[in-house]
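1. everything below, folded, please.
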Amino acid sequence: MQRLVKISFVFADLCAWLLVAIFLFGAIAWPVIGPVHARMAHLPITTFSIVGTCIMWLATAAGAYAITRRQVLGLTLIQIPAAVWLVSGLFVFALTFTVVAAVIFGTPFLLAFLQARSVSASGAAV
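-> Just a heads-up that it's a prediction; the model follows:
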């Protein structure tokens, strides 16, 4: 069980570092790319939407970084894009992101919790 917990945390850490890189790059590049994309799609874009998107991506990157530091708060922070997509009407995309993130990042915490619970119930010290 302990090996499974370690492997799942390693996989979650790899995915979290990938998310940190992607969302940090997005937060840095969006002030330049966002207006260009909006003009090409003939959509209006405001400074508030650019800043809001950058803050969302930075908060999500902070959540992914918190997961690498074994903080459960990161699980809620990485769900910010799913909440935005849900409000925007992208239900299937938000649900898919939530389920995949819960499986990848929630499983190690659940396995560690179950292992700690079984160890404390048996009274054995590891």
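2. ok, residues contacting stretch 77-87?
-> Stretch 77-87 is contacted from outside by 19, 56-57, 59-60, 62-64, 66-67, 93-95, 97-98, 101, 105, using CB atoms under 8 Å, 6 or more residues apart in numbering. Glycine gets a C-beta too; all of them are placed from N, C-alpha and C.
3. quick one: average confidence on stretch 93-110?
-> Average pLDDT, stretch 93-110: 93.
4. and it, what's buried?
-> Of all the residues in stretch 93-110, those buried under the rule 16 or more other CB atoms under 10 Å are 94, 97-98, 101, 104-109.
5. next, work out how far apart the residue nearest to the spatial centre of the chain and R39 are.
-> The centroid of the chain falls nearest to I78 when counting by CA atoms, centre = their mean (2.8 Å). Distance, I78 to R39, by CB to CB, to the nearest Å: 30 Å.
6. returning to what we had before: among the buried residues of stretch 93-110, name the ones in helices.
-> Counted as lying in helices by DSSP state H, out of those, are 94, 97-98, 101, 107-109.
7. a markdown table for those residues, including distance to W85?
-> Output for those, formatted as a markdown table (distance: CB to CB, whole Å):
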| residue | distance to W85 |
| --- | --- |
| A94 | 4 |
| F97 | 7 |
| T98 | 9 |
| A101 | 12 |
| T107 | 22 |
| P108 | 24 |
| F109 | 23 |
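8. what two of those are the furthest from one another?
-> Largest separation among those by CB to CB: A94 and P108, giving 22.6 Å.
9. show me what the top helix by length along the chain is packed up against.
-> Using DSSP H, we find that the single longest helix of the chain is helix 2-40. Packed against helix 2-40 by the contact rule (3 or more CB pairs under 8 Å, 6 or more residues apart in numbering; DSSP states H and E) you find helix 47-68, helix 107-122.
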